[in-house]
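K.L.:
Pasting a predicted model and its sequence here:
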Amino acid sequence: MTSYLITSIAIIAAFYMCRMAYYGYKSKVLGKTVTPFTKYDKKLKKRLLLIGDSTVYGVGTTSSDCSYGGQIAHDFPNYEIHNRAKNAAKVSDLMNQIDHFPPHFFDHTIIFIGGMDTLHFTTKRKLMKTFKSLSTKLHILTKGSVVIVSVNNVGTVPFMLSPLKQLYTWRSRKVSSYFSEIANENGFTHVPLFREKAEDEFTKDTKQTLALDCIHPNDNGYRLLYRSFLYPTLKNSL
């Protein structure tokens, strides 16, 4: 009986791993088809820095104009937009994205982060410690506000099955609360994308909001997230 139970658990675990690896592979393929949105114009006197992970890189969009960066450029045309995001970036990768800029080079900075740290169970202690160093650099680099856009509810992605669905919903909730603390301690603005499943408009019809990898938003998904969460904050700060 014990041997049967162990074998069953091993088979289920292997199935989960293969399933997640398959969708992870599809995500990498999508990542190779996009170019992060940037906008350089020496005539513009204001600069906005975008750093973070694949969400601000634009994975899942058919055009960079549909990404967060593209939508920001449309609504705030008086800003140059520098996008230093990298696919699969974690908090520990952010420092490398802000090197080589002089002090007060940017008017505002927006950080899109948390997905990979949620999946990889980065500890709260490590997140807080990394942001302590990062905060000093960001405040030197940025004249105005720093905004953190943190992880959505990872447990709601369609391929996530029980008990991982419950585990990653719990984990997403915790990571969102960590970023709230980080924002408060460092003088940042926090825009949490996390919502409980029953309250999450994004997941009510994932065929309309998710890309082919069932992980990243598609054009409609980015539009919904931007309009619902990010734009209300930016219109009061940019």
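P.N.:
Structure's in. What do you need? Numbering: from 1, shown residues only.

K.L.:
beta partners of residue 82?
P.N.:
residue 49 (DSSP bridges).

K.L.:
what's the burial count for it?
P.N.:
21 (other Cβ atoms under 10 Å). For the C-beta atoms, the positions are set from N, CA and C on the backbone; glycine is no exception.

K.L.:
One more: the one 10 residues further on?
P.N.:
With neighbours defined by other Cβ under 10 Å, the count for residue 92 comes to 15.

K.L.:
ok, so what distance separates it from residue 53?
P.N.:
12 Å (Cβ to Cβ, to the nearest Å).

K.L.:
Could you list the low-pLDDT ranges of this structure?
P.N.:
1-27, 29 (pLDDT under 70).

K.L.:
Where do the helices of it begin and end?
P.N.:
2-31, 54-57, 68-75, 94-97, 115-119, 124-141, 164-186, 206-209, 219-225, 231-234 (DSSP state H).

K.L.:
Using CSV, write down the CA coordinates of the fourth one.
P.N.:
C-alpha atoms of helix 94-97 as CSV (Å, rounded to 0.1, in the frame of the first residue of the first chain):
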residue,chain,number,x,y,z
LEU,A,94,16.6,44.5,-11.2
MET,A,95,19.9,46.1,-10.2
ASN,A,96,21.4,45.1,-13.5
GLN,A,97,18.6,46.8,-15.3
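
K.L.:
any idea how far it is from the chain center?
P.N.:
15 Å (Cα atoms, centre = their mean, to the nearest Å).

K.L.:
nearest residue to residue 106 other than its sequence neighbours?
P.N.:
Take residue 106 and drop its neighbours on the chain: the residue closest to it by Cβ to Cβ, 6 or more residues apart in numbering is residue 49, 4.4 Å away.

K.L.:
distance of that neighbour from residue 199?
P.N.:
Where residue 199 is concerned, residue 49 sits at a distance of 31 Å (Cβ to Cβ).

K.L.:
thinking again about what came up before, and the residue nearest to residue 106, how many neighbours?
P.N.:
23.

K.L.:
so it makes contact with residue 104?
P.N.:
No - assessed by Cβ atoms under 8 Å, residue 49 is found out of contact with residue 104, at 11.7 Å.

K.L.:
Mind listing the shared neighbours of these two?
P.N.:
141-142 (Cβ atoms under 8 Å, 6 or more residues apart in numbering).

K.L.:
which residues does the closest residue to residue 143 other than its chain neighbours contact?
P.N.:
Leaving aside its sequence neighbours, residue 143 sits nearest to residue 104 (Cβ to Cβ, 6+ apart; 4.9 Å). Residue 104 makes contacts with 140-143, as judged by Cβ under 8 Å, 6+ apart.

K.L.:
Would you mind listing which of those residues are buried?
P.N.:
Neighbour counting with 16 or more other Cβ atoms under 10 Å marks 141-142 as buried within the contacts of residue 104.

K.L.:
So which of the contacts of residue 104 is the closest to residue 100?
P.N.:
The shortest approach to residue 100 among these belongs to residue 141, at 10.5 Å (Cβ to Cβ).
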